[in-house]
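Chemist: Just the structure for this:
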Amino acid sequence: MEVFVIMFVGLIFLLMLGVPVAFAMIASSAMVLGYTRGYEAIPMEMISQRTLYGVNSFTLLAIPAFLLIGRLMNSAGISDRVFDIARTMVGHLKGGLGHVNVVASMLFAGMSGSAVADAGGLGALEIKAMEDDGYPTGFSAAVTASSATIGPIIPPSIPAVIYGALANASIAGIFLASIIPGLFMGIGLMAMVAIISHRRGFPTRERARFKEFTTALSRGLLPMLTPLIIIVGILSGVFTPTEASVVALLYCLIISFMVYRSISFREFLTILRATAIDTAVLLFIIAGSALYSWVLARYQVTSLVADFLLATVTDPLGLLLLLALFILLIGLFIDSVPALFLLTPLLVPVVVQYGIDPIHFGVVMIFTLMIGLITPPVGTVLFTIQKITGMSFSGLVRETLPFYIPLIAVLLIIIIFPSIVMFLPNLVLK
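Modeler: Have a look, this model is predicted:
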């Protein structure tokens, strides 16, 4: 129990002090090793070996490729093309650009796999378009923030790759299992947009002509094939997830440089530099979490947690509801990626004992952490949107509150009805 307290309380304390996540994980792990072995006998060579072991993974090579794809899409003018397609599809509905915002995020999710990439790239375009059309900044920002959480749900998804690697679960299965929850998210958010639009009397625009739709689709069709390449390639057995990410990246480079010619070589170097920085940060977190996970396993912390839960909760549904609440609380203070590294090795062995499919649990965990991205005090997506709009953080949170309702409703649906999540994996993979 002392080890559990040192690891979790120590980690949370360091994070609250503003210590970077990777350093906090390494430090709390070192504290446990020092407490159990004596601080003069901390095995530094073991710490270095375990941290390096964490990044020695072929599967994780997909992460920089997906990050680079997201940045390419944002810089190559793809966001404009995706937005135009969404506008011709649903722009005529009440509160049209709010619906366009959600649909564009769903389409862009299949290309970026990141909530922050969606909020920072497509989000700026969406907010400006809504403000120019007379929508309040607060509403525009709230819709953009909440719809950005769809990015890591609809495949391809960086969190899904990370979870699959950590839990030794099928990444293709997680991709398939995420599709229906992602669609439910979009439908739920559009329903809330419709309710708010009717209450506030937002305008209705003329329906786009079919020719406008086909023109917009022809302009944006090539980048929208990216997720198809990834998913079909993986499911057909032609590519592993890592190979699929590289093939998709090559495809994006071809359409950016040779078809659209929308990126100069100098801009590409800037994109590469930004991607390298993002990748380095993630890999450092992965290295720290590998040591943290090893210490958890060595001192049987996962067994202690499993024994406690087995004595407290008797049925899988109750366990999933309890864990969703716990994950959400963690997500309030820790960003989604480090939270995945912290929680996956701790909780997956527990849910397996209850007979819960790791793929189902992975979707529940990722979905819950996405809600945390728009929940204070951390709320990474909220801070991204705040920088774009310049509005107060408290005002942005207030405007976002109604959108928690559909997100939590969908979360409860996928917890209570696992067959919804597992339908596509069972249909395609079995």
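
Chemist: what's the neighbour count on Ile416?
Modeler: 11 (other CB atoms under 10 Å). Where C-beta positions appear, they are placed from N, C-alpha and C, glycine not excepted.

Chemist: what helix or strand does the closest residue to it other than its chain neighbours sit in?
Modeler: Excluding its sequence neighbours, the residue lying closest to Ile416 (CB to CB, 6 or more residues apart in numbering) is Leu317, at 6.7 Å. In the assignment (DSSP states H and E), Leu317 maps to helix 316-331.

Chemist: Could you do Gly186 as well?
Modeler: Using DSSP H and E, Gly186 falls in helix 171-200.

Chemist: Tell me which other helices or strands that helix touches.
Modeler: Judged by 3 or more CB pairs under 8 Å, 6 or more residues apart in numbering; DSSP states H and E, helix 171-200 is in contact with helix 96-112, helix 137-148, helix 158-167, helix 226-235, helix 358-372, helix 393-416, helix 418-429.

Chemist: Among those, which comes closest to Gly54?
Modeler: Judged by CB to CB, the one of the helices and strands packed on helix 171-200 that comes nearest to Gly54 is helix 158-167, at 9.8 Å.

Chemist: Any buried residues in that closest one, and which?
Modeler: Applying a neighbour-count criterion of 16 or more other CB atoms under 10 Å, the buried positions in helix 158-167 are 158-167.

Chemist: now stretch 120-140
Modeler: Taking 16+ other CB under 10 Å as the criterion, stretch 120-140 shows 120-127, 129-131, 135, 137-140 as buried.

Chemist: Return the distance of it from the chain's centre.
Modeler: Centroid displacement of stretch 120-140 relative to its chain, using CA atoms, centre = their mean, to the nearest Å, is 22 Å.

Chemist: Please name the nearest non-neighbouring residue to Asn168.
Modeler: Counting by CB to CB, 6+ apart, Asn168 lies nearest to Pro358, which is 8.0 Å off, once chain neighbours are set aside.

Chemist: Contacts only, for the one you found.
Modeler: Contact analysis of Pro358 by CB atoms under 8 Å, 6 or more residues apart in numbering lists 167-169, 348, 351-352.

Chemist: With distance to Lys211 and pLDDT as added columns, please give the residues you listed in a markdown table.
Modeler: What follows is the contacts of Pro358, written out as a markdown table (distance: CB to CB, whole Å; pLDDT from 0 to 100):
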| residue | distance to Lys211 | pLDDT |
| --- | --- | --- |
| Ala167 | 48 | 89 |
| Asn168 | 50 | 88 |
| Ala169 | 45 | 91 |
| Val348 | 51 | 91 |
| Val351 | 51 | 92 |
| Val352 | 54 | 90 |
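
Chemist: Residue nearest the middle of this structure, spatially speaking?
Modeler: Geometric centre of the chain, nearest residue: Pro152, 3.1 Å, by CA atoms, centre = their mean.

Chemist: which element is that residue on?
Modeler: Under DSSP H and E, no helix or strand contains Pro152.

Chemist: isn't it right next to Val161, touching?
Modeler: No: in this structure Pro152 lies outside contact range of Val161 using CB atoms under 8 Å: 10.1 Å.

Chemist: Run a quick neighbour tally on the spatially closest residue to Ile327 that is not a sequence neighbour.
Modeler: Counting by CB to CB, 6+ apart, the nearest residue to Ile327 once its immediate chain neighbours are dropped is Thr368, at 4.5 Å. Neighbour count of Thr368, defined by other CB under 10 Å: 26.

Chemist: Which pLDDT value does the model give Thr368?
Modeler: Model confidence at Thr368, expressed as pLDDT, equals 96.

Chemist: and if you look at Ile374?
Modeler: Looking at Ile374, its pLDDT is 91.

Chemist: Pop out the phi and psi values for it.
Modeler: When quoted as degrees, to the nearest 10, the phi and psi of Ile374 stand at phi -120, psi 20.

Chemist: Could you do Val313 as well?
Modeler: Phi and psi for Val313, reported as degrees, to the nearest 10, are phi -120, psi 140.

Chemist: any idea how far Leu429 is from Gly96?
Modeler: 38 Å (CB to CB, to the nearest Å).

Chemist: can you list the domains in this protein?
Modeler: 1-42, 43-429 (automatic domain parsing).

Chemist: show me what contacts the residue nearest to the centre of the chain?
Modeler: 109, 113-115, 158-160, 336, 366, 370 are the contacts of Pro152 under CB under 8 Å, 6+ apart.

Chemist: okay if I get those residues as TSV plus distance to Arg298?
Modeler: Listed next are the contacts of Pro152 as TSV, based on distance: CB to CB, whole Å:
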residue	distance to Arg298
Ala109	38
Gly113	33
Ser114	33
Ala115	33
Ile158	28
Pro159	26
Ala160	28
Ser336	26
Ile366	27
Met370	31
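
Chemist: closest to Val3 among those residues?
Modeler: Using CB to CB, these come closest to Val3 at Ser336, 25.6 Å.

Chemist: any idea how far Val381 is from the closest one?
Modeler: 10 Å.

Chemist: wait, the residue nearest to Ile327 sits on Ile330?
Modeler: No: using CB under 8 Å, Thr368 is not in contact with Ile330, being 9.1 Å away.

Chemist: sorry, back to before: which one of the buried residues of stretch 120-140 is nearest to Asn74?
Modeler: Nearest to Asn74 among the buried residues of stretch 120-140: Gly121, at 3.2 Å, using CB to CB.

Chemist: how close does that closest one sit to Ser392?
Modeler: 23 Å.

Chemist: element containing Leu310?
Modeler: Residue-wise, Leu310 maps onto helix 301-312 under DSSP H and E.

Chemist: Report the buried residues of that helix.
Modeler: Within helix 301-312, the residues scored as buried using 16+ other CB under 10 Å are 301-302, 305-306, 309.

Chemist: So which elements touch that helix?
Modeler: Packing contacts for helix 301-312, counted by 3+ CB pairs under 8 Å, 6+ apart, involve helix 2-16, helix 316-331, helix 336-353.

Chemist: tell me the mean pLDDT over the second one?
Modeler: I take that to be helix 316-331. For helix 316-331, mean pLDDT rounds to 91.
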